[in-house]
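Participant: output the structure for:
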Amino acid sequence: MPVLVITGTGTEIGKTMVTAAVAAAALAAGRSVAVLKPAQTGVRPDERGDADEVARLAGPVTSRELARYPDPLAPVTAARRCGLPPVHPQDVAEAAAKLATDHDLVLVEGAGGLLVRFDPAGGTLADAAALLNAPVLVVAPAGLGTLNATELTARELKRRELELTGVVIGSWPSEPDLATRCNVTDLPEVAGAPLLGALPQGTGTLPPADFRHRAPAWLSPRLWGTWDADGFREREGTG
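Facilitator: This next block holds a predicted model:
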């Protein structure tokens, strides 16, 4: 798995925290890691972007950002509004492939969901994943409404014949309600892929040393962690 594409079922659901956790777990397992953010939106030049945040939390990773746009919009719209060139799927694929020559693992973190557009031609993260022939990890919210968005994302990946590695819950609440607890069982069923982890709510507020120490416990062995899906389901789910 030299390249892993990380997408979500929407925005603000924990993609960057999951990317940081996967990076930290892989680093702890002795892998060299690079993080690629194709299009960073909603951040000024003097502010820390998602790739920078991953590096802050995870540790010594190579971080690269292909483009930055100040408005918090879809990349194609943000690029048009500020008059900067858009990013294209081929740009993403070429950058990831180059990073893969020097790293054991390259994590490509998308913006928003799988089909958010990069360019006027309609290029998306899914197109970049296809060019790379890379598996895709889906980050999903825990609560009510997540099943529909997760299944739609999984179906689109299947339609495009892209590999869905699994699903990670981006933020697991300290006091989950009934729908959230039921989703522990239902998410892998609608996705047709395993649940590979769950990050506790508020992980981004942890000191970096604590984040790195705890990250493997949030992810399954397939993501270089120690998290056990069956045990989590017994503790947090409804059976």
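Participant: going forward, measure contacts and count neighbours with C-alpha atoms only.
Facilitator: Noted.
Participant: what about the strands in the chain?
Facilitator: With DSSP state E as the criterion, the chain has strands at 3-8, 33-41, 62-69, 105-113, 136-140, 164-172, 195-200.
Participant: please enumerate the helices of the chain.
Facilitator: In chain order, the chain shows helices spanning 15-28, 50-58, 75-82, 89-100, 125-132, 146-159, 178-191, 208-214, 229-236, with DSSP state H as the criterion.
Participant: ok, which of those comes nearest Gly8?
Facilitator: Closest of the helices of the chain to Gly8 is helix 15-28, at 6.3 Å (criterion: CA to CA).
Participant: mean confidence for that closest one?
Facilitator: What helix 15-28 shows for mean pLDDT is 98.
Participant: start at 11 instead
Facilitator: Sure thing, new numbering starts at 11, so read that last one as helix 25-38.
Participant: chain center to it, what's the gap?
Facilitator: Going by CA atoms, centre = their mean, to the nearest Å, the spacing between the C-alpha centre of helix 25-38 and its chain's C-alpha centre is 9 Å.
Participant: what's the answer for stretch 51-62, then?
Facilitator: On CA atoms, centre = their mean, the centre of stretch 51-62 falls 17 Å from that of its chain.
Participant: tell me the buried residues in that stretch?
Facilitator: For stretch 51-62, a neighbour-count test (16 or more other CA atoms under 10 Å) marks 51-52, 59-62 as buried.
Participant: in the sheet, who's paired with Leu115?
Facilitator: Beta bridges link Leu115 to Val43, judged by DSSP bridges.
Participant: that one against Gly40, yeah?
Facilitator: No - using CA atoms under 8 Å, Leu115 makes no contact with Gly40, being 10.7 Å away.
Participant: which of the two has more neighbours?
Facilitator: Shown here are Leu115 and Gly40; by other CA atoms under 10 Å, Leu115 has more neighbours (22 against 11).
Participant: who touches that one in this structure?
Facilitator: Leu115 is in contact with 11-14, 41-44, counting by CA atoms under 8 Å, 6 or more residues apart in numbering.
Participant: ok, back up a step: redo the buried residues of stretch 51-62 as CSV? Include distance to Glu75 and pLDDT.
Facilitator: Listed next are these as CSV, based on distance: CA to CA, whole Å; pLDDT from 0 to 100:
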residue, distance to Glu75, pLDDT
Thr51, 11, 95
Gly52, 14, 94
Gly59, 9, 94
Asp60, 9, 95
Ala61, 7, 95
Asp62, 9, 95
